[in-house]
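Student: Here is the input, now give the coordinates:
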Amino acid sequence: MEIIVAYDVSTEDSAGRRRLRRVAKVCEGCGQRVQFSVFECRVNETELRRLTHRLVDEMDHELDSLRIYRLAEPRSRAVTVFGRDRYFDPDGPLIL
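Tutor: Prediction:
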């Protein structure tokens, strides 16, 4: 399934900046960054549960926010991009 992970981490102190780096690192392990705090990921149910658990463990529930959206349609039909598109199709051809 394809999902979108969006987060907002309070960075008013050094602990928040560390949380932000850790949350981003977790997301980088499962998908690709398309905006500063938005990732598009392709996961199965087990990977989604693991990802959610890891992200929830990293965040401060009083200061931070996390949203995970399941795309009902393929990305090509569900997402319209204006401007620079940072997405690459991991199933597409690889040109070296």
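Student: all strands in this protein, in order from the N-terminus.
Tutor: 2-8, 31-35, 38-42, 65-70 (DSSP state E).
Student: Now render these as CSV, adding distance to Arg77.
Tutor: Backbone N, C-alpha and C define where each C-beta goes, glycine included. Converted to CSV, these look like this (distance: least, CB to CB, whole Å):
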stretch, distance to Arg77
strand 2-8, 11
strand 31-35, 16
strand 38-42, 14
strand 65-70, 14
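Student: Can I get the ones you listed in TSV including mean neighbour count?
Tutor: Putting these into TSV (neighbours: other CB atoms under 10 Å) gives the following:
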stretch	mean neighbour count
strand 2-8	19
strand 31-35	15
strand 38-42	19
strand 65-70	13
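Student: so which of the ones you listed gets nearest His53?
Tutor: strand 65-70 (11.5 Å; CB to CB).
Student: Dump the strands of the chain into TSV; add distance to Asp57 and mean pLDDT as well.
Tutor: Listed next are the strands of the chain as TSV, based on distance: least, CB to CB, whole Å; pLDDT from 0 to 100:
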stretch	distance to Asp57	mean pLDDT
strand 2-8	13	94
strand 31-35	18	92
strand 38-42	17	93
strand 65-70	11	93
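Student: looking at the protein, which helix or strand is least sure?
Tutor: The helix or strand of the chain with the poorest confidence is helix 75-78; it has a mean of 73 (mean pLDDT, DSSP states H and E).
Student: Please work out which residues outside that helix touch it.
Tutor: Residues outside helix 75-78 that contact it (CB atoms under 8 Å, 6 or more residues apart in numbering) are Glu2, Glu40, Leu71, Ala72, Tyr87.
Student: Now with 6 Å, please.
Tutor: Glu2, Leu71 (CB atoms under 6 Å, 6 or more residues apart in numbering).
Student: roughly how far is it from the heart of the chain?
Tutor: In terms of CA atoms, centre = their mean, to the nearest Å, the centre of helix 75-78 is found 16 Å from the chain centre.
Student: can you give me the end-to-end distance of stretch 49-69?
Tutor: Distance between the two ends of stretch 49-69: 13 Å, counting by CA to CA, to the nearest Å.
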